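Engineer: Sequence and predicted structure below; questions after.
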Protein chains: 2
Amino acid sequence: MHRSVSSLVRHWLFAGLLAAVSSFAIAEAPQQKTQVPGYYRLMLGSFEVTALYDGAIDLDEKLLKSIAKRDIQRLLARQFLKGPKVQTAVNAYLVNTGSKLVLVDAGAAKLFGPGLGNIIDNLKAAGYTPEQVDTVLITHLHGDHINGLVTPDGKAVFTNAEVWSAKADNEFWLSEEIAAKAPKDFQAFFKMSRDAAAPYLASGKWKTFDSDRELLAGVTSVDTHGHTPGHASYLFRSGDQSLLILGDLVHNHAVQFARPEVAFEYDNDPKQAVATRKRIFFKAAKEKLMVAGMHLPFPGIGHVRKESAGGYAWVPAEFAPLPK
Amino acid sequence: MHRSVSSLVRHWLFAGLLAAVSSFAIAEAPQQKTQVPGYYRLMLGSFEVTALYDGAIDLDEKLLKSIAKRDIQRLLARQFLKGPKVQTAVNAYLVNTGSKLVLVDAGAAKLFGPGLGNIIDNLKAAGYTPEQVDTVLITHLHGDHINGLVTPDGKAVFTNAEVWSAKADNEFWLSEEIAAKAPKDFQAFFKMSRDAAAPYLASGKWKTFDSDRELLAGVTSVDTHGHTPGHASYLFRSGDQSLLILGDLVHNHAVQFARPEVAFEYDNDPKQAVATRKRIFFKAAKEKLMVAGMHLPFPGIGHVRKESAGGYAWVPAEFAPLPK
């Protein structure tokens, strides 16, 4: 057999083309490796509620106080979790009441590591802009709830919003006197509070309230101090539906629902924090109140069930489409 | 005082402009009323798993068999749910093994009402196209798992895919003899099976397997018959991680985890369905096996916990970012 060079070249070209076509046909679909946007929505009467995911941070089980290590491990195992580092969500909630766009807490920004700081991206994914927010309600002046109020160079992120928090938290976290006497480890917390408040204080948009108070139509602050001196929860009510946004009444759902007496390292007043948790769990379970928590697994919305053994269980709400 | 007409006109114009600016400044942000896209992703070793939401359908609590009505109501209430109509999710799962893109079940299309039929939209939102799917694994030939295989005019949706299901389900649901003898209410089920299989049978891409079998590297069918004669679950294994995609071993999580002996109206063989559920729950709880279910609350991924009172509890996996 004899083949001319040009015939061989044509043969190679054709073989090459075939290989290209065939490799195209069996091309593997590349893995996407992106997560779904971090928001989740439900209607509460005529209020539109959007949970926003700031991200997750791993917290050491040692931050849980007045409980034996083996009990922590047993309670984590019941939820198919494992210490010593436990994934902990940071959530915020955006409520469009129809007349006001209200954000509850603003996340950690990038000051608690790269896993957090996604509130604004997720707020945008959910169809809103920071400029549209009318009111920010702050549960307490800890960095993972307020750093998101400001840009890295200290400007207001929510340029058209009033920012509300409890007077008692302001008196503590914005006090330079108290900060000066605080342990070194806590200095950063005080600084974060002052930095977050600064541009809103300067523009006269930083507001405080005394205790339980209706701040907007259908939106009431609920005094739940203990974790911080002025820790507040917020009750949203529309029609016959209610949602109590707890704030930091729970830091670890696997442990603290079953054992509400377990305190958290950063509780200002652990005894009061425990008493408040027990009081609100009791009320939520009894009234079948829908609640949301900043450190409950995203979207962090659900109910609290009283268990026969004492203690409580977290019952997350089911994913659901929006009503048509 | 005297004003010229032109001064009055200027005044009105200016007032009008002010009003426009002011109404812009206080413009209410319109409610978005859209839900987050219905997908959720996690890594299983080197496999990328994406839960896809077909939607939700309300099922009557009466479809749950061999349980008293008051027990159903008590178990629903424990999860803060209420009958008689209970929201029931329909999920599918897309696994990118790195070499194959594998879809487990294809949803109901639009044949079970407007609330379902969103698999393709959510698959696209998750970054894939139906043409990229290499293999569809079917848990069983019920309409809410297979209607999504075909377009309304009977064409294949997954044009490049082989579709696998268990031989025993084929022998039952594709049999015209059995269909002819079946009660009238069931005729639609048989027709849906034939319609879904037709284009793939015609192109030689409809495949069947006998029983437990490794179908692809890391992907094994697990015989879980009872709900249908050939009902199959699928075990995905990569590295030291496993996920068992259950199919329809549970239709109502609130009732059937606590009481696995509760059968479902559409079980072909209720006794066998119950025995299979008990066997797989026992195994999943003992081995701490991650499982996924087509009718568990979306994304339907989690673990099964043995409860001290007998019975089991559903423990949904926590929302998590993808590993970097």
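Structural biologist: On my side now, so go ahead. Numbering: from 1, shown residues only, chains lettered A, B, ... in the order given.
Engineer: Please count neighbours and contacts with C-alpha atoms only from this point.
Structural biologist: Will do.
Engineer: and the top strand by length along chain A, is it in reach of chain B?
Structural biologist: With residue count as the measure and DSSP state E as the assignment, chain A has strand A:47-60 as its longest strand. Yes - judged by Cα under 8 Å from any Cα of the partner chain, strand A:47-60 comes into contact with chain B at A:48, A:55-56.
Engineer: How about stretch A:241-257?
Structural biologist: No - if you take Cα under 8 Å from any Cα as the test, stretch A:241-257 misses chain B, and the best it gets is 10.9 Å.
Engineer: what does stretch A:161-178 give?
Structural biologist: No - under the criterion of Cα under 8 Å from any Cα, stretch A:161-178 makes no contact with chain B; the nearest approach is 11.2 Å.
Engineer: Can you give me the buried ones in that stretch?
Structural biologist: Residues A:161-170, A:172-174 are the ones in stretch A:161-178 that count as buried (16 or more other Cα atoms under 10 Å in any protein chain shown).
Engineer: Please dump the residues of strand A:47-60 next to chain B into JSON lines; it should also carry distance to residue A:263, neighbour count and pLDDT for every row.
Structural biologist: JSON lines is the format used below for the residues of strand A:47-60 next to chain B (distance: Cα to Cα, whole Å; neighbours: other Cα atoms under 10 Å in any protein chain shown; pLDDT from 0 to 100):
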{"residue": "A:48", "distance to residue A:263": "33", "neighbour count": "21", "pLDDT": "98"}
{"residue": "A:55", "distance to residue A:263": "23", "neighbour count": "24", "pLDDT": "98"}
{"residue": "A:56", "distance to residue A:263": "21", "neighbour count": "25", "pLDDT": "98"}
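Engineer: so where is chain A shaky, pLDDT-wise?
Structural biologist: Filtered on pLDDT under 70, chain A yields the residue ranges A:1-27.
Engineer: contact partners of stretch A:240-247?
Structural biologist: Identification of contacts with stretch A:240-247 by Cα atoms under 8 Å, 6 or more residues apart in numbering or on different chains yields A:44-45, A:139-140, A:231-237, A:289-295.
Engineer: Against chain B, which of these make the cut? List them.
Structural biologist: Within the contacts of stretch A:240-247, nothing lies near chain B by Cα under 8 Å from any Cα.
Engineer: could you pull out the helices for chain A?
Structural biologist: A:5-25, A:69-78, A:119-125, A:143-146, A:167-173, A:176-181, A:184-202, A:253-256, A:270-287 (DSSP state H).
Engineer: So which of those is nearest residue B:283?
Structural biologist: helix A:69-78 (16.0 Å; Cα to Cα).
Engineer: contact partners of the closest one?
Structural biologist: A:61, A:82-83, A:254-255, A:258, B:305.
Engineer: same deal with stretch A:292-305?
Structural biologist: Under Cα under 8 Å, 6+ apart, the answer for stretch A:292-305 is A:39-40, A:51-53, A:88-92, A:243-253, A:281, A:284-285, A:288-291, A:312-317, B:78, B:80, B:318-319.
Engineer: how close does the residue positioned nearest the centre of chain A get to residue B:185?
Structural biologist: For chain A, the residue nearest the mean C-alpha position is residue A:91 (1.1 Å; Cα atoms, centre = their mean). Residue A:91 is 47 Å from residue B:185, where distance means Cα to Cα, to the nearest Å.
Engineer: for the residue nearest to residue A:264 when sequence neighbours are not counted, what are its contacts?
Structural biologist: Nearest residue to residue A:264 in three dimensions, chain neighbours excluded: residue A:64, at 4.8 Å (Cα to Cα, 6 or more residues apart in numbering or on different chains). The contact partners of residue A:64, taken as Cα under 8 Å, 6+ apart, are A:262-265.
Engineer: related to what we said a few turns ago, selecting buried members of the contacts of stretch A:292-305 in ChimeraX, what would you type?
Structural biologist: The following ChimeraX line selects those of the contacts of stretch A:292-305 that are buried, judged by 16+ other Cα under 10 Å:
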select /A:39,40,51,52,53,88,89,90,91,92,243,244,245,246,247,248,249,250,251,252,253,281,284,285,288,289,290,291,312,313,314,315,316,317 /B:78,80,318,319
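Engineer: buried subset of the contacts of residue A:64?
Structural biologist: Looks like the contacts of residue A:64 have A:262-264 buried, using 16+ other Cα under 10 Å.
Engineer: In strands only, show me these.
Structural biologist: A:263-264.
Engineer: Go through the buried ones among the contacts of residue A:64 and say which is closest to residue B:189.
Structural biologist: residue A:262 (53.1 Å).
Engineer: Hmm, residue A:68 and that closest one touching each other?
Structural biologist: No - using Cα atoms under 8 Å, residue A:262 is not in contact with residue A:68; the gap is 10.0 Å.
Engineer: So what's the residue count around residue A:131?
Structural biologist: For residue A:131, the count of nearby residues is 12 (other Cα atoms under 10 Å in any protein chain shown).
Engineer: which phi and psi does residue A:67 have?
Structural biologist: Main-chain dihedrals, residue A:67, degrees, to the nearest 10: phi -150, psi 140.
Engineer: That one and residue B:111: what is the separation?
Structural biologist: 53 Å.
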